[in-house]
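Chemist: pasting the structure only:
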């Protein structure tokens, strides 16, 4: 009698069971784990939010945080400094900037720190 007649597993049946398990493992590793990391990063961003930070909302508004109360954020936006109240969950990103500097200039300064090259002594002697 063969094992097939007795109802035992053969190589083909074992692969049939192994394939769905392998798909579930791949699904978890490629989709669920990165999503949890992203959620954790977002929660950390919201927990470190403080007055004076510049934010962007999911609706596309940019502004500066002026008040934080539990789950509500009050921020000012636009040239007339209109005050808007939103939920913390409506914030898409938070950017902290140094006082008195434009946001673009701060980002560029962080990316590329100016490198001061001193002229060589020989070159300065030749110029004189």
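Modeler: Received, thanks. Being a predicted model, the structure only gives us computed values, none of them experimental.
Chemist: just checking, residue 59 touches residue 91?
Modeler: No - assessed by C-beta atoms under 8 Å, residue 59 is found out of contact with residue 91, at 10.3 Å. (Each C-beta comes from the backbone N, C-alpha and C, glycine too.)
Chemist: Between those two, which is the more surrounded one?
Modeler: Set residue 59 next to residue 91 and count neighbours by other C-beta atoms under 10 Å: residue 91 wins out with 21 against 9.
Chemist: What distance do you get for the more buried one to residue 40?
Modeler: 16 Å (C-beta to C-beta, to the nearest Å).
Chemist: Spell out which strands sit alongside the top strand by length along the chain in the sheet and which way each one runs.
Modeler: Among the elements of type strand in the chain, defined by DSSP state E, the one spanning the most residues is strand 62-69. Here strand 62-69 has these sheet partners by DSSP bridges: strand 54-57 (antiparallel), strand 72-77 (antiparallel).
Chemist: in the protein, which spans are helices?
Modeler: Ranges of helices within the chain are 3-6, 11-27, 33-47, 103-111, 121-127, based on DSSP state H.
Chemist: Name the helix or strand of this structure that has the lowest mean pLDDT.
Modeler: The element with the least model confidence among the helices and strands of the chain, by mean pLDDT, DSSP states H and E, is helix 103-111, at a mean of 45.
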